[in-house]
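J.: I need the structure of the sequence given here:
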Amino acid sequence: MMKILVTGITGFLGSRLSEMLLDKSFDVIGSSRAGNASRNIFATGDIDGDTDWQEIVFGCDAVIHAAGRAHILNDNEKDIAAAFNKINCEATIKLAEDAFAAGVKHFIFISSIGVNGESMHQNAISEKSVPNPTSPYAISKFNAERRLLEKYRNTQMAVTIIRPALICGPGAPGNINRLLKLVGSGLPLPFKKVNNLRSMASLDNVCDFIIHCVNQPEAKDEVFVFSDEEELSIEDITKLMSAGMGKKARLFFFPSFLLKLLLTSIGRKKMYEQLFSSFSIDSTKSRALMKWKPVVTIQDTLFATGKAFHEGNR
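T.: So this is what the prediction gives:
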């Protein structure tokens, strides 16, 4: 039985990933800040470039590194870039070093589509797109990617890097959670007839693709951008979430250029881009090279996400 370490196993992605790995009869261990001995989860505390992973990775065939420092609202760190790099880059490289020394055969790093930038220009983002990380979070992920490939390409430890789009699923944190709160508030929203298209990634599809990569030699030393095939407008997304909540979305039309002026004037330009601009990802490589097929649609995922949010707040 193949033994796999999932770091960040108690997080949004890690917890669902471990469930799906166990369903497929893998031997799964995990790591988290606090740990849980009864669930075979090792405690690491706050990870950095000095974390000792030797005992944890011993006997593992593969490591799926999903732990990391994500976007934090009202970040209190004095040096935000250094804080991201310490956890997302230095800790990643130390884990890879210990994994390599222990004879681990496959190291899968969960990066971010933010490595390709936060806005799209003319063409959909693909693996051929020039990386353009702009936030401290994305820069730290890209630093880890480069060092992993430079150090372990063409060695006995395969490295696979996956850059998922915004991940949606029940319990999603961050921007998805903020949108759910907005939709759930019942307030009228200016999303009607907004002509944009956004690529997103269903949680179960991300997890299934990761698992699919574990045993596939085609994944060795490859980078994948990843999203569901269907692209949706903010109007579509809102309607699907609302349907899951058992209500009809309250939407009205408001000219997008006026919204842009308004939000920019109050320092919320990034909010405008996240809600009203387009962001398309071409994830053909993940299907063609890996011969992988989705296990769920983004429509069903958004409905389920809205339903879980509603049930959790009743």
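
J.: just the element for residue 92, please.
T.: Secondary structure from DSSP states H and E places residue 92 in helix 91-101.

J.: ok, residues contacting that helix?
T.: 7, 47-54, 56-57, 60, 63, 65, 67-68, 107, 109, 144, 147-148, 151-152, 155, 157, 159 (Cβ atoms under 8 Å, 6 or more residues apart in numbering). Heads up, the C-betas are built off the backbone N, CA and C, glycines and all.

J.: surely residue 56 touches residue 5?
T.: Yes - using Cβ atoms under 8 Å, residue 56 makes contact with residue 5 at a distance of 6.3 Å.

J.: now the strands for the protein?
T.: Using DSSP state E, the strands of the chain run over residues 3-7, 27-32, 41-43, 62-65, 106-110, 158-164, 167-168, 198-199, 201-202, 222-226, 231-232.

J.: tell me the bridge partners for the residue nearest to the spatial centre of the chain.
T.: Centroid check for the chain by Cα atoms, centre = their mean gives residue 164 as the closest residue, at 4.8 Å. Taking DSSP bridges as the rule, residue 164 bridges to residue 226.

J.: next, count neighbours for the nearest residue to residue 131 once chain neighbours are set aside.
T.: Spatial nearest neighbour of residue 131, excluding adjacent residues (Cβ to Cβ, 6 or more residues apart in numbering): residue 115 at 5.2 Å. For residue 115, the neighbour count with other Cβ atoms under 10 Å is 26.

J.: which residues sit in contact with residue 115?
T.: With Cβ under 8 Å, 6+ apart, residue 115 has these contacts: 131, 132, 133, 138, 141, 142, 145, 163.

J.: got CSV for those, with distance to residue 91 too?
T.: As requested, the contacts of residue 115 are exported to CSV (distance: Cβ to Cβ, whole Å):
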residue, distance to residue 91
131, 21
132, 24
133, 18
138, 17
141, 12
142, 15
145, 14
163, 19
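
J.: all helices of the stretch 101-250 of the chain, in order?
T.: 136-152, 174-184, 203-214, 234-244 (DSSP state H, counting those that start in this stretch).

J.: nearest to residue 82, of those?
T.: Ranking these by proximity to residue 82 (Cβ to Cβ) places helix 136-152 first, at 8.6 Å.
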